[in-house]
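>>> the following block contains a protein sequence and its predicted model.
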Amino acid sequence: MSKMLTIEDILLAPDLESKEVAVPEWGGTVKVKGMTKREQQQMRKSTTDPQTGQIDSDRLEAAMLAHCLADPVVTIEQAEQLMQKSATAVDRVLTAAMDVAGMSDTAQKAMSRTFHAGDERPEATS
C-alpha cells in the first residue's frame, strides 16, 4: 500500500520535470522545464482575448517559450524574437516544452492511461 501523503509531503515534492533539447539549427541544446499550475493559469489568462474569450495561439506559443525555457531563461520579448527563427527549431523546443508541461497530446494520452476506469467520474445526465 502506498504512503498517505501529507500536505507537507506534496509541497516539498520535486514534481517539475526538465529536459535538454538538441537544437541543431542553433548549434547546441536548450533546457525546457514543466510549469506549475499557477504558471499555466497565468499563461492561459495572458493569451486569452478578453473580448472573445479565444486564446491567441501566436501569443500562446511565445508565452510557452517564455515560461518553459529554463536555460537560457528568456523574457516574453525575447520569446517573441525567437518566433522569427526557424519554425523547425522553435517547434522542436515547443513540442518538448509541451511534453514536460503535460500539455502535449502524447503527455495527455499517457496521463489518461494512468487513470483506472473505476476512478472516472460519471457524466452528468439531464
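Nice, I can see it. In this text, all values refer to a predicted model and were calculated from it rather than measured experimentally.
>>> make it CA atoms for all contacts and neighbour counts henceforth
Fine.
>>> pLDDT on the longest helix anywhere in the chain, on average?
Using DSSP state H, we find that the single longest helix of the chain is helix 87-100. Per-residue pLDDT values over helix 87-100 give a mean of 94.
>>> and that helix, what does it pack onto?
Secondary-structure packing of helix 87-100 (3 or more Cα pairs under 8 Å, 6 or more residues apart in numbering; DSSP states H and E): strand 18-23, strand 28-33, helix 57-68, helix 105-113.
>>> out of the ones you listed, which gets nearest to residue 5?
helix 105-113 (20.2 Å; Cα to Cα).
>>> re the thing from before, show residues contacting the longest helix of the chain.
16-19, 21, 23-26, 30, 32-34, 61, 64-65, 68-69, 82-83, 104, 106-107 (Cα atoms under 8 Å, 6 or more residues apart in numbering).
>>> buried ones from those, can you make that a PyMOL selection?
Listed next is the PyMOL selection for buried residues among these, using 16 or more other Cα atoms under 10 Å:
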select buried, resi 18+19+21+30+32+33+34+61+64+65+68+69+82+83+104
